[in-house]
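Participant: Have a look at this prediction, sequence included:
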Amino acid sequence: MHRLATTLQAPFHWLGQTALSWSFNAGGLALLTLQVLRNLLPWRWQFDGPETWRNLYRVGVKSFPIVVVTAVLVGAIMVIQSGLYIEQYGAYGLLGWGAGYSILREVGPILIGLMFSGRVGANNTAELGTMKVTDQVDALRALAIDPIGYLVMPRFIAMILMMFLLVVIGNFTALIGGAVTSQVLLDVNMVLFFQSVIAYVLLDDLLHGLIKAVAFGFAIAIISCHFGLSTSGGAVGVGRAVNASVVGSAIAIFVLDYAITFASL
C-alpha cells in the first residue's frame, strides 16, 4: 500500500517541482530585468569600464570568425535552394531578392542568435556560475560592490552591442557568399544579384532583422546572467545552469522571433 501511494504521488511531486522551478526562474528573470533597467537610468548609471571592454572583446571579437564562416555558408545555401526554383522559370533577376529577403529578416538573426547563445551565453553562465558556487559573488557583496553593476551590466551591454554588430556583419557576409555562389554555380552575375537585392529588398526588411538582433541579445544576456547567478550545487550545478541557459535562450529566440514577426504584419 505504501509503495502504491508513493507511485501515485510521484507524478504530482514532479509537477509540483516543475511548477516551482518555472515560477522561481520566471520571478528571477523578471527581477533581474528590472534591476538591469534600473541601472540603465541616467541617475543610476553604474557599470565597470574595464570589465565592459573585456566583455566586448570576449563576446564580439572572438565570435567574429565563426559568424563569418557560418554566414558565408548560409548565403551559399540560400542561393542554392532558391536557385532550384529560379532556374525553372528563368527569373534570375529575383535570385538576390529571394536570398536577401530571407537572410535579412529571418535566417541571419536566428542562426547568429543561436550560435551566440551556444557560445557566448553558455560561457557567460559558466563563468558567473563558477563565481557563485565559489562564493566570489558573496565576496563582492561583502566589499559593498553591487554584483549587478560590476558583473551583469558589462555583460549585458557587451552582449546587446555585439549581437547587433555580429548580425550586421553576418548579413553582409551572407550576401557576399550568396553572390559568389550565384556567380560560380548558377552563372548569375554578381552585379545582377546585388541589383536584385537593392531593387526588391526594403529598408524595413533590414530593420526588422536588426530589431530581432537587439531583442535576441537582450534575452540571451538576461537569461545567461540569471542562470549563472542562481547556480548552486558545485560543479554539477554549473553544468545544469549552462544547459538551462542554452535551452532557455533558444526558446526565447524563437518566441521573440514569432512575436516580432507577428507584430510587423
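Facilitator: Sure thing, it's come through. Numbering: from 1, shown residues only.
Participant: Residue 114 against residue 254, yeah?
Facilitator: No: in terms of C-beta atoms under 8 Å, residue 114 does not count as a neighbour of residue 254; the distance is 9.2 Å. Yep, even glycine has a C-beta here, placed from its N, CA and C like the rest.
Participant: Tell me which of those two has more neighbours.
Facilitator: In terms of neighbours (other C-beta atoms under 10 Å), residue 114 is the more surrounded of residue 114 and residue 254; the figures are 19 against 12.
Participant: List the contacts of that one.
Facilitator: Residue 114 makes contact with 250, 253 under the criterion C-beta atoms under 8 Å, 6 or more residues apart in numbering.
Participant: Does it lie in a helix or a strand, and which?
Facilitator: helix 108-116 (DSSP states H and E).
Participant: again with residue 231
Facilitator: Taking DSSP H and E as the definition, residue 231 sits outside all helices and strands.
Participant: Next: the one 5 residues further on.
Facilitator: Secondary structure from DSSP H and E places residue 236 in helix 234-263.
Participant: quick check: angle from that helix to helix 108-116?
Facilitator: If you take axes from the mean of the first three to the mean of the last three C-alpha atoms, to 10 degrees, helix 234-263 sits at 170 degrees to helix 108-116.
Participant: Buried by neighbour count: which residues of helix 234-263 qualify?
Facilitator: 237-238, 241-242, 244-246, 248-250, 252-253, 256-257, 260 (16 or more other C-beta atoms under 10 Å).
Participant: phi, psi of residue 144?
Facilitator: Backbone geometry at residue 144, expressed as degrees, to the nearest 10, gives phi 60, psi 30.
Participant: Break down the stretch 51-200 of the chain into its strands, ranges please.
Facilitator: For the stretch 51-200 of the chain, applying DSSP state E, counting those that start in this stretch gives no strands.
Participant: which non-adjacent residue is nearest the residue most central in space within the chain?
Facilitator: With distances taken as C-alpha atoms, centre = their mean, the chain has residue 113 as the residue nearest its mean C-alpha position (3.3 Å). The spatial neighbour of residue 113 that comes closest, neighbours along the chain excluded (C-beta to C-beta, 6 or more residues apart in numbering), is residue 216 at 3.9 Å.
Participant: which residues does the one you found contact?
Facilitator: The contact partners of residue 216, taken as C-beta under 8 Å, 6+ apart, are 109, 113, 116-117, 163, 252-253, 256.
Participant: again, only this time at 10 Å
Facilitator: Contacts were defined as C-beta atoms under 10 Å, 6 or more residues apart in numbering; by that measure residue 216 touches 109-110, 112-114, 116-117, 159-160, 163-164, 167, 249, 252-253, 256-257, 260.
Participant: How far off centre is the helix holding residue 236?
Facilitator: If you compare the mean C-alpha spot of helix 234-263 with that of the full chain, they lie 9 Å apart, counting by C-alpha atoms, centre = their mean, to the nearest Å.
Participant: From the contact counts, what lies against that helix?
Facilitator: With contacts defined as 3 or more C-beta pairs under 10 Å, 6 or more residues apart in numbering; DSSP states H and E, helix 234-263 has these neighbours: helix 2-40, helix 108-116, helix 122-133, helix 203-229.
Participant: which residues in the stretch 51-200 of the chain form helices?
Facilitator: Counting by DSSP state H, counting those that start in this stretch, residue ranges of the helices within the stretch 51-200 of the chain are 64-89, 95-102, 108-116, 122-133, 136-142, 147, 153-185, 190-200.
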